[in-house]
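Peer 1: below: sequence and its predicted model.
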Amino acid sequence: PEEAVITDPLIISAIIDYLTKREIESIVICDSPGGLYNRNRLKAIYEAAGYLKLESEIVKLNYDTGSEEVPSSGGKISSFDIIKPILDADIFINVAKLKTHAMAGMTASVKNNFGTVPGLKKSEFHCRFPKRIEFCEMLVELCSLVSPEISIVDGVLGMEGNGPSGGSPRNFGIIAGSKNPFLLDRVLCEYIGMNVEDALTVKSSIMAGYSPREI
């Protein structure tokens, strides 16, 4: 968290408080990192991220590494392999970190949905779509498929430079949320002063008709 690589556990904790006050009885925190997607890797990530301390009778960390193929009607991909906790959830809350990104230009709510794809499947998509714009068009299609109920972006301490993990922390001073992840990223792109031509998931969402070029 102190390096602005992952969503701060304080943000996750605040969301948990909000949900428990509304008598939500089961909350599952899940991640799907690039590379190996197994129990040991997940536990190491939850520990490094500070999420282990969030567990309770109501809050569980996901260790189910199963997934299922889900058909897509977006055009570029016939189906996506989606991790089980997303498919099993009644409500999917997408919680992302605001960062610049070496490949996508900016990573926020739309790109964060790549975490719904199991670990090693991610590298397959990188091989299938080596061009940056085509990769980001795939991410827009994926986001449309998994359709989070709400997206929340932690930009209190974000990252600029060689993201997603090699940049420098920067105080953006914002927490933003929307039921529409495409519009949310479009606004955040404006907020950090990035040209939409450089934020390729935003550019792709504009091309797909999900968000406006001008706001």
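Peer 2: Looks like it came in fine.
Peer 1: nearest residue to the middle of the chain?
Peer 2: Compute the mean C-alpha point of the chain, and by Cα atoms, centre = their mean the closest residue is N112, 1.6 Å away.
Peer 1: strands along this protein, start to end?
Peer 2: Secondary structure of the chain (DSSP state E): strands at 27-29, 59-61, 67-71, 79-83, 93-101, 105-107, 150-160, 168-170, 174-178.
Peer 1: closest one to S13 among these?
Peer 2: strand 59-61 (9.4 Å; Cβ to Cβ). For the C-beta atoms, the positions are set from N, CA and C on the backbone; glycine is no exception.
Peer 1: from what I can see the residue nearest to the centre of the chain touches L98, true?
Peer 2: No - using Cβ atoms under 8 Å, N112 is not in contact with L98; the gap is 10.0 Å.
Peer 1: show me what the longest helix seen in the chain is packed against.
Peer 2: Across the chain, the longest stretch assigned as helix under DSSP state H is helix 132-146. Contacts defined by 3 or more Cβ pairs under 8 Å, 6 or more residues apart in numbering; DSSP states H and E place helix 132-146 against strand 79-83, helix 109-112, helix 119-128, helix 181-191, helix 200-207.
Peer 1: export these to CSV and tack on mean pLDDT?
Peer 2: Rendered in CSV, the data for those read as follows (pLDDT from 0 to 100):
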stretch, mean pLDDT
strand 79-83, 96
helix 109-112, 96
helix 119-128, 90
helix 181-191, 96
helix 200-207, 96
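Peer 1: ok, which of these comes nearest E137?
Peer 2: With Cβ to Cβ as the measure, helix 200-207 is the member of those nearest E137 (4.6 Å).
Peer 1: buried stuff in that closest one?
Peer 2: Taking 16 or more other Cβ atoms under 10 Å as the basis for neighbour counts, the residues of helix 200-207 that come out buried are L200, T201, V202, K203, S204, S205, I206.
Peer 1: now the angle between strand 93-101 and it, please.
Peer 2: Put simply, helix 200-207 runs at 110 degrees to strand 93-101, going by axes from the mean of the first three to the mean of the last three Cα atoms, to 10 degrees.
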